[in-house]
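Enquirer: Return atomic coordinates for the entry below.
(one chain, ligands or ions: 1)
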Amino acid sequence: MHRKLRTWFRAQARDLPWRRTNDAYAIWVSEIMLQQTQVATVIDYYHRFLHRFPTVQELAAAEIQEVLKYWEGLGYYRRARQMHAAANQIVALHDGLFPTSFDDILALPGIGRYTAGAICSFAYDQSQPILEANTQRLYCRLMKWQDDPKNRASQQAMWGFAEEFVPQTNPGEINQALMELGSLVCTPTNPKCDECPLLAHCPTRKDNLQGEIPRPPKPKDFEHVHEIAWVIWDGDKVLVRQCLPGERWEGLWDFPRFPIEAEEHIEEGRSAKLKTHFGLTVKTPTLRMRIKHGVTKYKITLDCFDVQWKAGPQKQIGNYRWLKFDQLHEVPLHSTARRIAKSILAGRVE
Ligand code: SF4
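Expert: Reported below is the predicted structural model:
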């Protein structure tokens, strides 16, 4: 199986920038970016990030706001904050040199067993197993594993499979080949079994169970939430706020935003919140745009209104700042705030 896999990988592997290096720092950056994000999206971010922060030391020395700016648009900003913390830990505990032992890597913020194994095997050729979304699907099919792959027993079984499978010689290549096979051939729907180098070893294919293995996850119970965001104008400036520690978008900037308890209370809700927070009385806010988006289990409808600031008891709270509208691109904004900012910069009302 190793031989077939290596032959296939050498002929079919995509030429990805993080495969051309054995620098553990660069591989770490790519692995963190690739969590929850498509390869095609990551490539540009990866180049820009490494151009600005080419070493652990430079990442550690940067302000977190700048790191978040380079992450803007990738989402899941906790990853960037943890990378920054990990870089500082590497400087403090390892003289700025990326650690080489699995346990030291695993001890860094934001690094789990998969990422530690990937870095060790790709950068240092250490024989460490890996298990992530693509290999999980592949292992399930190679094991004809019919239980829920997420439960504890399944996870143990799959880590066990990965431990047995990873070779002593050139394990990084085998791990990358497994991931690539899962990504390109053993796909969630309609796997291309006829192109698979492991076809002869696959009981799932033999029994034609590719549609049932792995067992699909239970559908999520979504919670519907309604929010309002305000673009509050004072001349050519708009009011923005930095999200506080513990908030969903900690460290990023947003327009003032409030949840509305129920659709029928939108009008009174939005006026009351503006009055409480800014001492503003609003008569005729203008709807700029409606954005529907999802965050974890929430389905959010966000209505964004423009309103003029009027003289009054201006509450300038610590994490609020007036910004000229054409400076909005200078602070890291999360995805919906960025869509609103884009609409402002384009000078259009949707
Ligand atoms: S034969 Fe098909 S189901 Fe089996 S590992 Fe290959 S692609 Fe996946």
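
Enquirer: interface residues of the stretch 201-350 of the chain facing the ligand?
Expert: Cys202, Thr204, Arg205, Gln210 (Cβ under 6 Å from any ligand atom). Heads up, the C-betas are built off the backbone N, CA and C, glycines and all.

Enquirer: which element is the residue of the stretch 1-150 of the chain found nearest the ligand on?
Expert: The nearest approach of the stretch 1-150 of the chain to the ligand comes at Arg141, 4.1 Å away (Cβ to the nearest ligand atom). Here Arg141, judged by DSSP states H and E, is contained in helix 133-143.

Enquirer: distance between the very next helix or strand once past that helix and the chain's centre?
Expert: Tracing the chain C-terminally past helix 133-143 and defining elements by DSSP H and E, one meets helix 152-165 next. Chain-centre distance of helix 152-165: 25 Å, with Cα atoms, centre = their mean, to the nearest Å.

Enquirer: and if you look at stretch 17-28?
Expert: On Cα atoms, centre = their mean, the centre of stretch 17-28 falls 19 Å from the chain's centre.

Enquirer: what's the average pLDDT for it?
Expert: Confidence for stretch 17-28, expressed as mean pLDDT, is 97.

Enquirer: what's the span of it, first residue to last?
Expert: 13 Å (Cα to Cα, to the nearest Å).

Enquirer: Can you tell me what sits against that stretch?
Expert: By Cβ atoms under 8 Å, 6 or more residues apart in numbering, the surrounding residues in contact with stretch 17-28 are 13, 29-31, 43, 46-47, 50, 55-56, 83, 98, 100, 111, 115, 118-119, 122-124, 176.

Enquirer: Just the ones of those residues in strands?
Expert: Per DSSP state E, strands hold no members of the contacts of stretch 17-28.

Enquirer: Buried ones from those, can you make that a PyMOL selection?
Expert: Restricted to buried positions by 16 or more other Cβ atoms under 10 Å, the PyMOL selection for the contacts of stretch 17-28 reads:
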select buried, resi 13+29+30+31+46+50+55+56+83+98+111+115+118+119+122+123+124+176
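
Enquirer: Which of the contacts of stretch 17-28 fall in helices?
Expert: Members of these lying in helices (criterion: DSSP state H): 29-31, 43, 46-47, 50, 56, 83, 115, 118-119, 122-124, 176.

Enquirer: tell me the contacts of the nearest residue to Cys243 once chain neighbours are set aside?
Expert: Leaving aside its sequence neighbours, Cys243 sits nearest to Trp249 (Cβ to Cβ, 6 or more residues apart in numbering; 4.3 Å). Counting by Cβ under 8 Å, 6+ apart, Trp249 touches Tyr77, Cys243, His334.

Enquirer: What about the last one, how many residues nearby?
Expert: Put plainly, it is His334. Neighbour count of His334, defined by other Cβ atoms under 10 Å: 20.

Enquirer: Same question for Gln128.
Expert: Count around Gln128 with other Cβ under 10 Å applied: 23.

Enquirer: Asp236 and Leu323 touch, don't they?
Expert: No: contact status for Asp236 versus Leu323: not in contact, 9.8 Å apart, counting by Cβ atoms under 8 Å.

Enquirer: Beyond whichever strand or helix holds Ala87, next helix or strand please.
Expert: Ala87 belongs to helix 78-94 when assigned by DSSP H and E. Downstream of helix 78-94, the first helix or strand assigned by DSSP H and E is helix 102-106.
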